[in-house]
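K.L.:
below: sequence and its predicted model.
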Amino acid sequence: MEETSRLLNVLRDPDEEAGLAPQPGTGELDALAASVRAAGLPVNLVIDGNLAALPAAVDVSVYRIVQEALTNVLKHAGPARAEVTIGCEQDTVTIEVTDNRTGQPGNGSPHGGHGLAGMRERAAVFGGELAAGPQPGGGFAVPALLPLGGGRSPGEPS
């Protein structure tokens, strides 16, 4: 449990909000998956398409959505496996993080955090959507779709 707690602290970089550190992007997804595996959660990462040409803000958001979804699996799924699939087409990026948890999800963190609401907000900035919920037959899924070039500008009314 202590190891998981340390990993969760590493995954949620305190400098993120302050903007002091370089923001991670999709180029660091392999390292993220390796860190989660090291914490004891088997993760399969599949990337279909070229993520190198993503706009910087989308690139960071894809990484952060995957990071938060995997953090939630570590926190709430108990013994499970995670699948991360990212697809990049000409005008959209799709993200799907699933797990095969068999037990009941754990209680949410008493300290709050970004969680599902934060992931939804990240998707909404680009005019995208994110859903999250239990899968038929067990497990939990976090699918997201981010259109490329169709979001609101920062500060633009919603």
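P.N.:
Perfect, I can see it now.

K.L.:
residue 139 against residue 83, yeah?
P.N.:
No. Distance between residue 139 and residue 83: 9.3 Å, which falls outside the contact criterion (Cβ atoms under 8 Å). C-beta here means a position set from N, CA and C on the backbone, and glycine is covered the same way.

K.L.:
now for these two: what residues contact both?
P.N.:
98, 99 (Cβ atoms under 8 Å, 6 or more residues apart in numbering).

K.L.:
identify each buried residue in the strand or helix carrying residue 37, please.
P.N.:
Per DSSP states H and E: residue 37 is located in helix 29-38. Under the neighbour-count criterion of 16 or more other Cβ atoms under 10 Å, helix 29-38 has 29, 32, 33, 35, 36 buried.

K.L.:
mind checking how far that helix is from the chain centre?
P.N.:
12 Å (Cα atoms, centre = their mean, to the nearest Å).

K.L.:
what is the mean pLDDT for that helix?
P.N.:
Across helix 29-38, the average pLDDT comes to 96.

K.L.:
and the contacts of that helix?
P.N.:
Under Cβ under 8 Å, 6+ apart, the answer for helix 29-38 is 7, 10-11, 24, 43, 45, 47, 63, 66-67, 70, 73-74, 82, 84, 86.

K.L.:
which ones among those residues are found in strands?
P.N.:
43, 45, 47, 82, 84, 86 (DSSP state E).

K.L.:
top of those by neighbour count?
P.N.:
Highest neighbour count within the ones in strands among the contacts of helix 29-38: residue 82, with 26 neighbours (other Cβ atoms under 10 Å).

K.L.:
and it, how far from residue 55?
P.N.:
Note on residue 82: its distance to residue 55, by Cβ to Cβ, to the nearest Å, is 26 Å.

K.L.:
now do residue 80
P.N.:
For residue 80, the distance to residue 55 - Cβ to Cβ - is 32 Å.

K.L.:
same thing with residue 43?
P.N.:
26 Å.

K.L.:
same check on residue 96?
P.N.:
Counting by Cβ to Cβ, the gap from residue 96 to residue 55 is 21 Å.

K.L.:
higher neighbour count, these two?
P.N.:
residue 96 (17 against 14).
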